[in-house]
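Asker: can't give you the sequence, but here's the structure:
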């Protein structure tokens, strides 16, 4: 059953502020009825946008009540003025809502290096606040899009000791995606009562299983942010080990679904591919192989061309910098084996693999046959449209 994108105790709105040149919605606001437990993970890029710097500071309190986001301007490499603009944006929202400035988190996405048009931000605040509604989360999912083609939001329901709680999330990020700790922008909301400490632990664990195992183009953004707010209004408390296990499993599921949705809607993407590596000496080695294969331009272009060029996969595997035994590698596309002990399985197998590659989503499994290490990466093809989109991003 597909649930409506609603999380009890949260209201949201999206408006056209005029920051985007195309006149589409470009500012969104999410507000909890009460101060919430909060946690976040952020980009590892050493160049960090002003909102990231502000949120990293404020999230230390473990509390937040509102998130304000804009698209069309990253507010990055904008110096002290950028920090001041991020703080002023939060202050404007706080004043309009009648809450503390410290409870407002700020996000931005878009072009790097331009000053925020604060007159447009300020003018949009009254409409954002007046437009808040329980069913407004999709409006935010639309407003923070850049080169995304569709809004991406999911709502799940969990149960603990017979009592139900909600976990909802939205994500954007179609390009500049090779997450390190987070993804482009993602907001997660729950009406469960969760301590800030466990919320932080759970978010990091879920991110490592999802956002940090995905890539579109190999670039890490300066604005990567994942925020989670828990307002506790369902009355469901996440305290015991069993309750924490239930919450973690649902959060893992939500983050993985959002990750797949993000990659599926990546810039110019026509194929979503999961690279699974097993039989490595360690999980870390397995991930290095999956990461290398999943980022190889030659592999990604072969996927786009529906060319079962297993030699590119083998080549990427061999340069991953981990121990392998070259004569032991098996490769499968879905359940069809194309390489056995590093030897081609023949024209018939390749023809069947070509049929698999015509599917919009499929699995490539690389078995190194050396140990118990395993890992995966969600990736995509590298298309002509990706080049066109990014060649014209600022024009």
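Answerer: Noted; the coordinates are in hand. Treat the numbers as computed from the prediction; the structure is a model and nothing was measured.

Asker: For stretch 193-212, give the mean pLDDT please.
Answerer: What stretch 193-212 shows for mean pLDDT is 95.

Asker: do the same with stretch 162-175
Answerer: Averaging pLDDT along stretch 162-175 gives 90.

Asker: Now find how far off-centre it is within its chain.
Answerer: 11 Å (CA atoms, centre = their mean, to the nearest Å).

Asker: Now do the same contact list for residue 236.
Answerer: 160, 163, 164, 165, 191, 192, 193 (CB atoms under 8 Å, 6 or more residues apart in numbering). C-beta: built from backbone N, CA, C; applies to glycine.

Asker: Now do the contacts for the residue lying closest to residue 354 once chain neighbours are set aside.
Answerer: Sequence neighbours aside, residue 308 is the residue nearest to residue 354 in space, at 5.3 Å (criterion: CB to CB, 6 or more residues apart in numbering). If a contact means CB under 8 Å, 6+ apart, then residue 308 has 302, 333, 338, 350, 353, 354, 357 as its contacts.

Asker: and residue 146, that one's in a strand?
Answerer: No - judged by DSSP: H, G, I helix; E, B strand; the rest coil, residue 146 forms no part of a strand; its state is coil.

Asker: okay, now it: neighbour count?
Answerer: 21 (other CB atoms under 10 Å).

Asker: Looks like it contacts residue 221 (just checking).
Answerer: No - contact criterion CB atoms under 8 Å: residue 146 and residue 221 do not qualify, at 10.5 Å.

Asker: list residues touching both of the two?
Answerer: residue 109.

Asker: Poorly predicted segments of the stretch 101-250 of the chain, please.
Answerer: By pLDDT under 70, the weakly predicted segments of the stretch 101-250 of the chain are 174-183, 217-220.

Asker: Just the strands from it, written as ranges.
Answerer: 104-111, 152-160, 163-172, 185-190, 193-194, 225-230, 237-238 (DSSP state E, counting those that start in this stretch).

Asker: got CSV for the ones you listed, with distance to residue 94 and mean neighbour count too?
Answerer: Output for these, formatted as CSV (distance: least, CB to CB, whole Å; neighbours: other CB atoms under 10 Å):
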stretch, distance to residue 94, mean neighbour count
strand 104-111, 5, 25
strand 152-160, 25, 18
strand 163-172, 22, 23
strand 185-190, 18, 28
strand 193-194, 24, 23
strand 225-230, 16, 28
strand 237-238, 28, 20
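
Asker: closest to residue 314 out of those?
Answerer: strand 163-172 (33.3 Å; CB to CB).

Asker: Against which helices or strands is the closest one packed?
Answerer: If contacts are counted by 3 or more CB pairs under 8 Å, 6 or more residues apart in numbering; DSSP states H and E, strand 163-172 sits against helix 137-143, strand 152-160, strand 185-190, helix 241-264.

Asker: Tell me the strands beside it, with direction?
Answerer: Strand 163-172 has the following sheet partners, assigned by DSSP bridges: strand 152-160 (antiparallel), strand 185-190 (antiparallel).

Asker: what's the closest of those to residue 127?
Answerer: strand 185-190 (20.0 Å).

Asker: Tell me the buried residues in stretch 241-261?
Answerer: In terms of neighbour count (16 or more other CB atoms under 10 Å), stretch 241-261 has its buried residues at 243-244, 246-248, 250-261.

Asker: Return the distance of it from the chain's centre.
Answerer: Using CA atoms, centre = their mean, the offset of stretch 241-261 from its chain centre is 14 Å.

Asker: And for stretch 65-77?
Answerer: Counting by CA atoms, centre = their mean, stretch 65-77 comes out at 16 Å from the chain centroid.

Asker: In it, which residues are buried?
Answerer: Buried residues in stretch 65-77 (16+ other CB under 10 Å): 65, 66, 67, 68, 69, 70, 71, 72, 73, 74, 75, 76.

Asker: give the contact list for residue 329.
Answerer: 314, 317, 339, 341, 342, 366, 367, 368, 369.

Asker: Return the per-residue confidence for the last one.
Answerer: Spelled out, that is residue 369. For residue 369, pLDDT reads 98.

Asker: shouldn't it be in contact with residue 328?
Answerer: Yes - assessed by CB under 8 Å, residue 369 is found in contact with residue 328 at 4.2 Å.
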